[in-house]
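*Asks:* The following comprises the amino acid sequence and a computationally predicted model.
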Number of protein chains: 2
Amino acid sequence: MHIGTTIDRVALARRAARLMTTRPAPDPADVISLGSGHGFPEVFPDLTEMAQKALIDCRAETLQYGPALGLPEMREWIAGYMKENSLDVSAENVLVVNGAKQGLDLICRLLLDDGDAVVVSSPTYFTCLPIFRSFGAEFIEVSQDAEGLVVSELHETLERRKRADQSIPKLIYDVPDYHNPSGVTMSSKRREALVELADANGIYVVEDSPYRRVRFEGDEQPMVKIFDRGDTVFVLGTFSKLVAPGLRIGWVVTSKPMVARLVQLKSDAGSCPLTQRIILEFCKAGRLAAHTKRVQATYREHRDTMVAALRHQLPEASFAIPRGGYYLWLTLPSSIDADKLAERALQEKVGIISGSKFFAGAGPNGAGSPKHNIRLCYSHANPAEIEEGVQRLARAVRAMNP
Amino acid sequence: MHIGTTIDRVALARRAARLMTTRPAPDPADVISLGSGHGFPEVFPDLTEMAQKALIDCRAETLQYGPALGLPEMREWIAGYMKENSLDVSAENVLVVNGAKQGLDLICRLLLDDGDAVVVSSPTYFTCLPIFRSFGAEFIEVSQDAEGLVVSELHETLERRKRADQSIPKLIYDVPDYHNPSGVTMSSKRREALVELADANGIYVVEDSPYRRVRFEGDEQPMVKIFDRGDTVFVLGTFSKLVAPGLRIGWVVTSKPMVARLVQLKSDAGSCPLTQRIILEFCKAGRLAAHTKRVQATYREHRDTMVAALRHQLPEASFAIPRGGYYLWLTLPSSIDADKLAERALQEKVGIISGSKFFAGAGPNGAGSPKHNIRLCYSHANPAEIEEGVQRLARAVRAMNP
């Protein structure tokens, strides 16, 4: 009798079904990648000096197990950095994690039970989808417009669910600044309304904020967390999009009791003290401010190149110009199937991601999700490659829509 | 109506109850730590040259997102390292993780459902307990003797559970080499019998192997995985105990389909490519073999110092001399309550961990677990501190048992 085996196979199959990952395969070397949100290698800082300091002066710290919550100095620094957004936080509100995705995963572990509902925008950041799915979450999709998540629609959905005796979602996930993939930044009014609605219904909010400082122009909006009078909003931050993704250091900002709960679930013996120290030395040397300007200038140029190329090569496509971040959300003529376009584009040696990957399900209120969007990323390729890539993309569109 | 809030509070309370973490607080600076399994700072290698190479020659790799499965060269190297144990594995069987604990966590995520039973030795590695608890696991404790886990006892327990219509456990967790905390190494016969029993019952085995190369004397036993003819045994490995814990790089070795499943649950955008590259350069330069000898010689001396000090200062305590690893499991006169001793020892400025932290519950067959053991760790302190620490410990014992 192999009872155990039978049980395991069922469990494995169930989990595998949940996972349906949407992570695209990496592009081959001769393909210009306008798909992935990788950083531009030439804008990565020189960290050799910081690494020497970390491995010589701080070797007892950087080679030993680090504190579970993160290096105290790192938490202090992050709290100060968050205060620049007028948040009233201290080091005790900060948990250092192995990238913001681990932060999201820990929040899910703390809050979600099988079958819980989670609110996401339509479209949403695709990597959050398999994370939520792995916890057995059900999705509530809410539309986005030029001001971000349509909070009034969410309100109506919640009221309808209450009337139908359906459960209230456990959390709302959003990227309010330079949204991935739509590029939209949420207005201040919407941010306030979102927290109010979440508070009134006892729903947590995850404010995923990787692109906030990758700002090209326009005013900063207040962080969603600003409107939080209690424990409602978790902020996710990262050094990936501003310094370098390879360092794998991010953070969660929340209340002290929530930090205490999250760290219990972070069973990894603390995030890497070596990469924390390298970042700390970079930041403490005052290098981050100048580097941020360089990152902004670099990606602004990349964006401008992409916008000009699109207008020239693909005048039939429409898009809003992102004022920061890594991404541009392109709406093609409705006759174009973006899944097929992505395949065709690969034959033309340009990598793009079909918009369909960014929808959790059947769209807000089951109204269906559009099939003719693509996400273009201008961070990874250089300007010449961006121009060439858009040209190749235009060829793929023409081939499908002659 | 704050339905959401109510649900969340209940869920949080339930999870908090599960967690009951056993992680001890760090010792104050004037305390000699014989508690934690930290490495000896003086034996950590000089990695400055490797870091320079990683950050200059390999900057496009080390500062960018890395592959989800780990750097291909790292997986290749680990497979080769595993082959030194006569395992028939290739890079495709290797998943790089942020330390072995993340590997255990991923295996739990894949296999465990709320209420599943997990087999652990009595005593067992205390950090595995909160990880298993966070998945709602129930524990089956099995005795250890000088040959390791008593497989015949596990066999009887399984048969009894079948007769009582109780579920078969999902996995068996053990540290077969230089066990944490007992220091015991499992005999080859027991390893074979364990896999046979697990196979016959469709139970997975986790072979946690951090100390295997921290060997002072005696023959190596074959890995448990050697006896696996299928998918039964997951191996956990790490660079923490041999190179430096601060690098946070470990691995899981399992079948290719299991690697594919685990990586779907590893939602962290890949383990740090920078620290992987630093380790790779260290290993590729052929430095690991000489370093391993240095680690072995260092910790052998630490162990010898501790053994001599205990014989001299605490002749009433009994222990088996560990032939490798970091730990010594001390049995004190049964009149000593080790929880109280740990408190008293802290007054004498020596940190130890009470044996009670290493038991999952009420002991094998509910027979109760002993109260008069402590785990001593000889890795972190230097020989002079070890001598002084044992002297302080002896004072604490005398104070309690005059």
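*Replies:* Thanks, I have the structure now.
*Asks:* give me the number of residues near the residue lying closest to A:A394 once chain neighbours are set aside?
*Replies:* What sits nearest to A:A394 in space, not counting adjacent residues and going by C-beta to C-beta, 6 or more residues apart in numbering or on different chains, is A:Q313, at 3.9 Å. Quick note: C-beta positions are derived from backbone N, CA and C, even for glycine. Neighbours of A:Q313 under the rule other C-beta atoms under 10 Å in any protein chain shown: 18.
*Asks:* what about A:Q313, distance to A:N382?
*Replies:* The gap separating A:Q313 from A:N382 is 17 Å, by C-beta to C-beta, to the nearest Å.
*Asks:* Show me what the longest strand along chain A is packed up against.
*Replies:* Using DSSP state E, we find that the single longest strand of chain A is strand A:138-145. Packed against strand A:138-145 by the contact rule (3 or more C-beta pairs under 8 Å, 6 or more residues apart in numbering or on different chains; DSSP states H and E) you find strand A:117-122, helix A:151-163.
*Asks:* And the residue of the stretch 101-250 of chain A found nearest chain B, what's its pLDDT?
*Replies:* Nearest residue of the stretch 101-250 of chain A to chain B (C-beta to the nearest C-beta) works out as A:G202 at 3.0 Å. If you check A:G202, the pLDDT there is 96.
*Asks:* My read is that it contacts A:K170, right?
*Replies:* No - the pair A:G202 / A:K170 is not scored as a contact, 9.2 Å apart, by C-beta atoms under 8 Å.
*Asks:* For those two, indicate the residue with more neighbours.
*Replies:* Set A:G202 next to A:K170 and count neighbours by other C-beta under 10 Å: A:K170 wins out with 24 against 18.
*Asks:* Next one: the more buried one from A:S36, what distance?
*Replies:* From A:K170 to A:S36 the distance is 30 Å (C-beta to C-beta).
*Asks:* for A:S134, phi and psi?
*Replies:* Note on A:S134: its backbone torsions stand at phi -70, psi -20 [degrees, to the nearest 10].
*Asks:* Please apply the same query to A:N180.
*Replies:* phi -100, psi 110.
*Asks:* Just give the number of residues close to the nearest residue to it once chain neighbours are set aside.
*Replies:* Spatial nearest neighbour of A:N180, excluding adjacent residues (C-beta to C-beta, 6+ apart): A:Y125 at 4.6 Å. By the measure other C-beta under 10 Å, the count of residues near A:Y125 is 23.
*Asks:* so what's A:Y125 up against?
*Replies:* Listed by C-beta atoms under 8 Å, 6 or more residues apart in numbering or on different chains, the contact partners of A:Y125 are A:173, A:175, A:180-181, A:208, A:358.
*Asks:* Nearest residue to A:P41 in space, please, no chain neighbours.
*Replies:* Nearest to A:P41 is B:A60, by C-beta to C-beta, 6+ apart, at 4.7 Å.
*Asks:* Report all helices and strands that the longest helix seen in chain A contacts.
*Replies:* The longest helix of chain A (DSSP state H) is helix A:287-313. Packing partners of helix A:287-313 (3+ C-beta pairs under 8 Å, 6+ apart): strand A:327-331, helix A:383-400.
*Asks:* okay, now A:E76: neighbour count?
*Replies:* A:E76: 16 neighbours (other C-beta under 10 Å).
*Asks:* How about A:P72?
*Replies:* Neighbours around A:P72, by other C-beta under 10 Å: 12.
*Asks:* Let me know whether it touches A:A91 as I believe.
*Replies:* Yes - taking C-beta under 8 Å as the definition, A:P72 is a contact partner of A:A91 at 6.6 Å.
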